[in-house]
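Engineer: Next comes the sequence, and after it the predicted model I'd like to discuss.
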Amino acid sequence: MQWLLCFCLSWNKTGAEIRYTVPEELSLGSVVGNIAKDLGLEVSEISFREMRIASVAGKQYFSVDLGKGELVVSDRIDRESHCGQSASCLLPLEVIIENPLQLHRVEVDIQDINDNAPHFQSSERTLKIAESTAPGMRFSLESAQDPDVGDNSLKSYTLSKNEHFSLEIKDQDDGRKVPELCLEKALDRENKARHQLLLTALDGGSPVRSGTSQIIIIVLDNNDNNPIFKHPLNKVSLNENTPQGTSFLKVEANDLDDGPNGEIEYSFGDHTAQSVKALFEIDPKTGEMYLKGTLDYESTPSYRIEIIAQDKGMPEMEGQCNVQIDVIDVNDNSPQISLTSKPSPVRENAPKGTVVALISARDPDSGDNGKVTLQIPPSYPFTLEPSISSHYALVTNGVLDRETFPEYSIEITATDAGSPPLTSKKTIPVRILDVNDNPPRFPDTAYTVYVNENNTPGYIICSVSALDMDFGDNAKISYSILDSKVQDVSVSSYIYINSDNGSIYSMHSFDYEKLKVFQIQVQAKDRGSPSLSSNVTVHVFILDQNDNAPAVIYPSTVMGSVSHQKMPRSAKAGHLTTKISAVDADSGHNAWISYRLVEATDSSLFSVNLYTGEVRTKRAVSEQDDSSQRLLIEIQDNGEPVQSATVTVNILLEDGLHEPISDFRQKTAEPSKRNSKITFYLIISLASVSVLSLLTFLILVVKCVRNSRSSSSCCIRRADSDGYKNPNRNLQLQLNTDGPIKYVEVLGGDMLSQSQSFRSCLSPVSEFSDFTLVKPSSTTDFQDMINVLDASLPDSTWTFESQQVSID
Ligand SMILES: *[C@@H]1O[C@H](CO)[C@@H](O)[C@H](O)[C@H]1NC(C)=O
Ligand SMILES: *[C@@H]1O[C@H](CO)[C@@H](O)[C@H](O)[C@H]1NC(C)=O
């Protein structure tokens with residue numbers, strides 16, 4: 001009905017007789033108008049007159065309903081195809097009526113309806129935009145087409161909502177509206193690499209029709225992201241002994257960029273030290289780190305390495321991270337001992353705690369691996385005292401004795417507390433300095449020297465020597481003789497000592513008969529400060545030589561004269577006529593006197609006792625015998641060479657002379673008053689001499705025993721020791737050292753027997769002379785005695801009884 005209304009309104013006669021207005025796209029059969037009526041024709045007339053429509057355009061859109069006289073749509077009318085974009089669309093029609101032929105022009109104004117939606121040529125459009133593009137940039141888009149006209153034509157565009165782009169419409173010269181994409185906000189490929197927008201074109205029809213186009217924006221990558229490491233600081237701990245080639249860390253960086261812009265290459269930072277580069281390695285592709293060299297905690301306990309990750313963009317970008325490598329100490333260093341000060345020699349009397357050396361111990365390892373303890377063997381008289389930090393003082397801790405240990409080699413052991421612990425050793429030599437703490441020592445407590453009498457002065461009679469354990473001057477000994485008196489004369493006039501080597505010289509020719517023994521004190525003194533000394537006694541025994549001839553003391557005769565004796569003729573055989581007594585100043589065998597009758601007037605009448613010197617008659621005197629008998633008696637000693645004396649006795653035989661001298665043997669048998677007195681004195685003197693001798697003997701035995709313990713260096717000088725062959729002789733020497741020696745008695749024989757033996761060295765007549773007491777001793781003492789004597793006495797001078805004794 002609306003159309004009809006329009007039809008009515010749009011009716012005008014300009015240009016054409018009749019104009020109809022119809023919208024396009026009317027359905028077939030739709031009535032446009034009653035043309036018959038409008039032309040003033042009758043409905044019956046039109047069929048009769050064969051009314052028909054001739055299309056000017058050629059195509060028949062309309063036809064006439066001859067029955068009703070109506071112009072109806074006979075074909076689809078699409079305004080857009082007919083008129084395009086022109087604003088008005090008139091379809092000129094010619095109505096032909098025959099009988100009579102009439103031609104009427106009719107126009108049908110085709111009105112647009114919104115039958116076309118805006119339409120894009122391509123449903124999808126791809127735009128590539130670099131992410132670096134600055135906001136404000138515009139990108140033209142395809143405009144949509146809408147064949148409709150007027151309000152139904154394209155009116156506006158809309159863009160799907162997004163934050164980066166806005167839509168702007170640009171009016172072209174030709175009136176077209178061109179949509180433009182305007183970049184509002186910078187793109188970030190890494191954030192969103194592809195944007196999808198929907199562009200919608202809208203027309204102004206009612207209802208509105210629209211068309212859409214997909215706009216795909218691909219954001220082109222720009223190298224705007226640097227590689228970024230996952231961890232800015234990577235910490236790793238490595239054992240010091242980690243083997244070479246070990247992979248210990250993998251650093252990882254990410255680059256959000258694409259393609260080469262995101263391809264990462266790892267390397268060490270520019271300022272990485274060469275030493276680090278020599279030690280570590282990084283795989284440029286994977287970022288894996290390897291140990292290339294050998295770690296040493298002691299030189300570098302930790303490393304901090306800058307790692308660079310670089311992409312391959314243009315320009316390239318880089319990121320960095322740090323790797324901290326902490327080296328874990330392994331006990332790979334043995335402790336070191338060093339001497340802070342040179343070990344100083346220490347005096348042997350140094351007090352406890354004297355510092356000998358300063359020692360320091362060091363271990364480059366750390367922690368327990370570097371904790372060092374020092375030790376020295378406990379046997380040394382030293383100890384270690386800790387001082388500041390790892391320094392120690394080696395101090396004395398005991399008694400030092402240079403004489404026992406002149407030098408110590410102290411082995412110091414250093415041990416660390418690692419596991420397993422490492423040790424090292426150092427030997428420190430410590431010299432002990434001498435202190436004069438040892439006096440010179442003689443190997444023997446006493447020396448015994450035997451010197452023949454009549455020796456040549458100036459001979460070495462003996463050498464003493466002492467030893468000093470000390471060193472240097474402290475051990476240099478000088479010898480001297482301590483002054484004493486020998487028979488009221490200073491000993492220095494007898495003896496001289498070489499102060500350097502202890503050789504003792506005699507300065508005298510000794511006479512046994514005057515001096516039999518003397519002692520000297522030798523002092524050995526070292527040169528220490530203060531000096532020390534010791535003394536030793538040297539017993540000098542003068543050995544007897546047979547240098548005295550026997551001297552006749554009875555009958556006393558003036559030299560050269562004759563002794564006159566008387567005897568009765570009535571004397572029987574065995575009558576003691578007289579007794580010759582002689583003495584020998586020598587001693588021992590040199591004084592052993594024998595008597596021999598050399599010449600006699602009548603050798604059958606008298607005999608002389610070899611030992612006693614008694615002159616006795618051999619037979620009874622007869623009348624025929626001369627009244628004067630002359631006897632020449634020789635007295636010999638037992639020395640070598642033999643010394644002798646002679647005495648001449650004249651015996652006068654007298655008749656009737658009463659025997660003046662009774663038989664000596666009978667006389668002694670019966671005690672007379674005088675004899676008993678003598679015996680009494682004799683007993684007393686014997687007893688006292690025995691006691692004295694015993695004492696002396698014991699003292700001597702003790703001394704000898706001591707001597708024999710260290711007998712190797714006993715100073716003994718043997719003057720004439722040729723032909724000495726009998727080492728087992730059983731001898732005993734008895735010395736009377738109480739005052740000047742009186743006698744030496746040498747005995748041979750069975751010393752185990754308990755008998756006592758007395759012997760007079762002088763005449764048996766002189767009863768008050770000295771006696772020698774020889775007592776048996778124990779076998780060991782006896783043996784010692786033998787040794788002393790054996791070594792000292794020349795064999796040839798002794799011809800007494802000897803006996804082999806085996807002592808066991
Ligand atoms: C001691 O020195 C003297 C003189 O130099 C020398 O004659 C003597 O033999 C020496 N004695 C010793 C035991 O060396
Ligand atoms: C050695 O003898 C002298 C003199 O008799 C004496 O002064 C000194 O003390 C003695 N020395 C020793 C070590 O006995």
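Structural biologist: Arrived safely. Ligands and ions are numbered 1, 2, ... in the order given.
Engineer: Spell out which parts of the stretch 401-550 of the chain neighbour ligand 2.
Structural biologist: Residues of the stretch 401-550 of the chain lying close to ligand 2 by CB under 6 Å from any ligand atom are 482, 521, 523, 533-535. Where C-beta positions appear, they are placed from N, C-alpha and C, glycine not excepted.
Engineer: Can you tell me which of these are buried?
Structural biologist: 523, 534 (16 or more other CB atoms under 10 Å).
Engineer: closest to ligand 2 among the residues of the stretch 401-550 of the chain next to ligand 2?
Structural biologist: Ligand 2 lies nearest to N535 out of those, by CB to the nearest ligand atom, at 3.6 Å.
Engineer: from the stretch 551-700 of the chain, which residue is nearest to ligand 1?
Structural biologist: L700 (27.3 Å).
Engineer: Please, which helix or strand holds that residue?
Structural biologist: Using DSSP states H and E, L700 falls within helix 673-709.
Engineer: Any stretches of the chain with poor pLDDT?
Structural biologist: Along the chain, segments meeting pLDDT under 70 span 1-16, 57, 557-561, 656-679, 681, 685, 689, 701, 703-808.
Engineer: Kindly recompute the last result at 80.
Structural biologist: Flagging of the chain using pLDDT under 80 yields the residue ranges 1-17, 46-47, 55-59, 82, 84-85, 87, 175-176, 556-562, 656-808.
Engineer: mind checking how far V649 is from K485?
Structural biologist: Applying CB to CB, to the nearest Å, the value for V649 to K485 is 46 Å.
Engineer: Of those two, which one has the most company?
Structural biologist: Set V649 next to K485 and count neighbours by other CB atoms under 10 Å: V649 wins out with 23 against 9.
Engineer: domain parsing for the chain?
Structural biologist: 2-111, 124-220, 228-328, 336-433, 446-543, 551-658, 672-807 (automatic domain parsing).
Engineer: mind checking the end-to-end distance for the fifth one?
Structural biologist: As for domain 446-543, its first-to-last residue distance stands at 18 Å under the measure CA to CA, to the nearest Å.
Engineer: how far does that domain sit from the chain's center?
Structural biologist: With CA atoms, centre = their mean, to the nearest Å as the basis, domain 446-543 stands 56 Å off its chain's centre.
Engineer: Could you check it against ligand 1 for contacts?
Structural biologist: Yes - Domain 446-543 is in contact with ligand 1 by CB under 6 Å from any ligand atom, via 463, 498, 501, 503.
Engineer: I'd say the second one and Y479 touch.
Structural biologist: Yes - counting by CB atoms under 8 Å, N498 does reach Y479; the two are 7.2 Å apart.
Engineer: ok, those two, which is more surrounded?
Structural biologist: Y479 (22 against 13).
Engineer: residues contacting the more buried one?
Structural biologist: By CB atoms under 8 Å, 6 or more residues apart in numbering, the contact list for Y479 reads 464, 466, 497-502, 522-525.
Engineer: Among these, which one has the most neighbours?
Structural biologist: A524 (24 neighbours).
Engineer: That one looks like it's in a strand, true?
Structural biologist: Yes - assessed with DSSP: H, G, I helix; E, B strand; the rest coil, A524 lies in a strand.
Engineer: need the contact list for it.
Structural biologist: 440, 442, 464, 466, 468, 477-479, 502, 533-536.
Engineer: a markdown table please, covering the residues you listed and showing distance to I218 and secondary structure.
Structural biologist: Conversion of the contacts of A524 to a markdown table gives the following (distance: CB to CB, whole Å; DSSP: H, G, I helix; E, B strand; the rest coil):
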| residue | distance to I218 | secondary structure |
| --- | --- | --- |
| P440 | 118 | coil |
| F442 | 123 | coil |
| V464 | 126 | coil |
| A466 | 120 | coil |
| D468 | 114 | coil |
| I477 | 118 | strand |
| S478 | 121 | strand |
| Y479 | 125 | strand |
| G502 | 124 | coil |
| S533 | 121 | strand |
| S534 | 121 | strand |
| N535 | 126 | strand |
| V536 | 126 | strand |
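Engineer: between the residues you listed, which is closest to ligand 2?
Structural biologist: N535 (3.6 Å).
Engineer: which non-adjacent residue is nearest the residue in the stretch 151-300 of the chain positioned nearest to ligand 2?
Structural biologist: Relative to ligand 2, the nearest point of the stretch 151-300 of the chain is E298 (63.7 Å; CB to the nearest ligand atom). What sits nearest to E298 in space, not counting adjacent residues and going by CB to CB, 6 or more residues apart in numbering, is P364, at 3.8 Å.
Engineer: what are the ranges of the strands in the stretch 1-150 of the chain?
Structural biologist: 18-23, 31-34, 52-55, 62-65, 70-73, 90-97, 102-111, 124-130, 138-140 (DSSP state E, counting those that start in this stretch).
Engineer: I'd like to know which of those is closest to ligand 2.
Structural biologist: Among the strands of the stretch 1-150 of the chain, strand 124-130 sits nearest to ligand 2 (CB to the nearest ligand atom), with 119.0 Å.
Engineer: Before I go, just wanted to say thanks for your time.
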